[in-house]
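Peer 1: Mind looking at a prediction? Sequence and model below.
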Amino acid sequence: MALLVFILFVITILVIWYQRKFYRKNALLAKIPAFKSYPVFGSRLALIGKSGSEIFETLQDASETLGPVWRLDLSPFSSSVFTSDVKMIESVLSSQKLLDKGSGYKFVRGWLQEAFHFNILQQFAEIMDHHGQICVSNLKKFDDQEIDFFSIISLNAFDVICGEFSVNYQSVDMIRNKVLFSGAESAMGCKINAQKNSESEYIKAVKEISNIIFLRTFNQFKRSDFLYQFTEMYQREQNALKVLHDFTDSVIVSRRKELESASHAVKNENDFGIKKRKAFLDLLLQSTIDGNPLTNSDIREEVDTFMFEGHDTTTSAICFTLYNLAKYPEIQEKVFEECKTTLGDDLQQLVTIHDLNNLHYLELTIKETLRLYPSVPFYGRNIKEDVTIGHLTIPKDTNVNVAAFFLGRNPDIFSDPLKFDPLRFDAETNNEKNNPYAYVPFSAGPRNCIGQKFAMLEMKSIVAKIIRNFKLSVTKENEKLELIAELVLRPVNGVKLRVQKRNND
Ligand code: HEM
């Protein structure tokens, strides 16, 4: 009995302490419209038993009924605010003070921007063109059939980003022999050639991790690190992480050795192409913090970020673009005509960055796709200062999710929002002047997407290649996509489109 009284006493003290300490924060949060929340369990009780796509639909309904700023209590002690309010998004993303995305990579961000210089992008365009040709040859095997583009494009995007990391490699065997990617071949230096080795362990591991992160977010029990380590999901996560880390480590170690031996052995640096251009990895290997080189594990963190941000996001955007082109044949024909006029009829000729820059209508189509299907549907900031917009104040130390997905579908910002109309982004024909923060699929402000030019180039390169070679269509039953918002937005059942070779070869 005495023990029970003592426990109740301790709990009461803790509750009073919590209420006093967080009184102001909770009072401010209480003014924000909230998703249904229950004592002890918070909002999660309302999401229990729902599939990923059902959770996403529930969040969409919440956004429609609660308005542009609303609160989700993942537990009684942790609230997240979702916002599609343009002014609030501007405050959050433009502020230097509100950043909290700690990563060693910030030290080299400025330097990495060098990796997207125009001349370097031209070399990327060649890598993209090369892998696009492989993708087209693979697709030709499915003429007049319906196939899932998601798996095909993710392998292509993975090859492109790995091509970036490894374009200068001469010693491909060092990586290939790591067993993980047996079957890879070295066409342009070191290549993973995922498109020729569709059982890529790496891609499977990325999928696994994304899914686990999503499921963990909405599971009360698994959110606790302590309890989580006893679950089967934790074991799966560890296995997937090992695949990712082994791969990245092998790339780093191999390149470091190569740079070291090249610097001893090569008088003429161009013999090995070492300084032909700086790949991301080389920039990281050569960078220092306070005079000390980055360790392999520092570099791994950055390479992982790039590998992840650099292939899953583009896969999603490319697939949704192809889906929209299949759904709207007249838009597909306009894209085809533009490609024909700009790039000519020779399907084997290298498409340069200059050519890609001239594909204006295709770019509008991709932008419109990203409005309705932003690859990163929500991205968070832990705000370090209060943000006040109108009568609402989001207190500091709250997690704010910029809801790019809801923003793009907000009728107050985009008229007739579900209409797919690439010309709404055409500065020449459309006079609507929107706040630049009303369209943020690549985020904005000091921590925006560093790879957006690379991404746009890659998306244009592969979409143009596919549309020049094939006509795409979608059947009625595959037209409705069931969406899930893991780290990246994706269709639960892939993107199933019919391919038909165009009569031009
Ligand atoms: C359609 C394609 C892409 C989209 C929609 C996209 C979108 C985004 C968004 C919204 C963010 C901010 C995320 C956040 O604040 O949490 C971001 C960050 C980032 N992206 Fe992208 N991205 C794309 C492609 C790429 C590519 C191809 C690369 C690399 C080659 C890349 C590299 C990065 C990096 C390194 C960051 C972290 C920046 C930082 O924290 O300062 N992204 N991206």
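Peer 2: The structure has been received and is ready for your questions.

Peer 1: Just the pLDDT at the residue of the stretch 151-300 of the chain found nearest the ligand, thanks.
Peer 2: Of all residues in the stretch 151-300 of the chain, I161 sits closest to the ligand, at 6.3 Å by Cβ to the nearest ligand atom. C-beta here means a position set from N, CA and C on the backbone, and glycine is covered the same way. pLDDT recorded at I161 is 79.

Peer 1: Which residue lies closest in space to the residue most central in space within the chain, excluding its sequence neighbours?
Peer 2: Residue closest to the mean C-alpha point of the chain, counted by Cα atoms, centre = their mean, is T313 at 3.1 Å. Distances taken as Cβ to Cβ, 6 or more residues apart in numbering place S375 nearest to T313, at 4.0 Å, with adjacent residues excluded.

Peer 1: So for the one you found, what's the pLDDT?
Peer 2: For S375, pLDDT reads 96.

Peer 1: same question for the helix or strand containing V92, mean pLDDT?
Peer 2: Here V92, judged by DSSP states H and E, is contained in helix 86-94. Mean pLDDT, helix 86-94: 90.

Peer 1: Could you check it and say which residues are buried?
Peer 2: 86, 88-93 (16 or more other Cβ atoms under 10 Å).

Peer 1: Check those residues against the ligand and report the nearest one.
Peer 2: Looking across the buried residues of helix 86-94 and measuring by Cβ to the nearest ligand atom, the closest to the ligand is L93, at 8.3 Å.

Peer 1: Report how many residues lie close to the nearest residue to the closest one once chain neighbours are set aside.
Peer 2: Of all residues not flanking L93 in the chain, G445 sits nearest, at 3.9 Å (Cβ to Cβ, 6+ apart). Neighbour count of G445, defined by other Cβ atoms under 10 Å: 18.

Peer 1: G445: what's it in contact with?
Peer 2: Contacts for G445 (Cβ atoms under 8 Å, 6 or more residues apart in numbering) come out as 93-95.

Peer 1: and what of A485?
Peer 2: 52, 56, 59, 214, 377-378, 405.

Peer 1: tell me which residues form a beta bridge with it?
Peer 2: L489 (DSSP bridges).

Peer 1: Could you shift the numbering so residue one becomes 682, and keep it that way?
Peer 2: All set: I'll call the first residue 682, so the last point we hit is now A1166.

Peer 1: what's the distance between the residue of the stretch 832-981 of the chain closest to the ligand and H926?
Peer 2: 17 Å (Cβ to Cβ, to the nearest Å).

Peer 1: ok so, going back, just checking, the residue of the stretch 832-981 of the chain closest to the ligand touches E990?
Peer 2: No. The criterion here is Cβ atoms under 8 Å, and I842 misses it with E990 at 9.1 Å.

Peer 1: Which one of these two is surrounded by more residues?
Peer 2: Relative neighbour count places I842 above the other of I842 and E990, with 26 against 19, counting by other Cβ under 10 Å.

Peer 1: could you give the mean pLDDT of stretch 1099-1111?
Peer 2: 88.

Peer 1: Need the pLDDT of the residue of the chain found nearest the ligand.
Peer 2: As assessed by Cβ to the nearest ligand atom, the ligand sits closest to G1132 within the chain, at 2.2 Å. As predicted, G1132 sits at a pLDDT of 83.

Peer 1: Let me see the contact set for the residue lying closest to it once chain neighbours are set aside.
Peer 2: When the adjacent residues along the chain are set aside, G1132 lies closest to G991, with 5.7 Å between them (Cβ to Cβ, 6+ apart). G991 sits next to 838, 842, 845, 1132, 1135-1136 when contact means Cβ under 8 Å, 6+ apart.

Peer 1: Where does G991 sit: helix, strand or coil?
Peer 2: Put simply, G991 is helix when judged by DSSP: H, G, I helix; E, B strand; the rest coil.

Peer 1: can you pull the pLDDT of it?
Peer 2: pLDDT, G991: 77.

Peer 1: cool, and R917?
Peer 2: Predicted confidence (pLDDT) for R917: 91.

Peer 1: Show me what the helix or strand it falls within is packed against.
Peer 2: Using DSSP H and E, R917 maps to helix 913-946. Helices and strands touching helix 913-946, by 3 or more Cβ pairs under 8 Å, 6 or more residues apart in numbering; DSSP states H and E, are helix 830-847, helix 853-857, helix 882-898, helix 961-967, helix 977-1008.

Peer 1: so what's L922 closest to, chain neighbours aside?
Peer 2: That would be I890: by Cβ to Cβ, 6+ apart, it lies 7.0 Å from L922.

Peer 1: OK, contacts around that neighbour?
Peer 2: Per Cβ under 8 Å, 6+ apart, neighbours of I890: 918, 921-922, 925.
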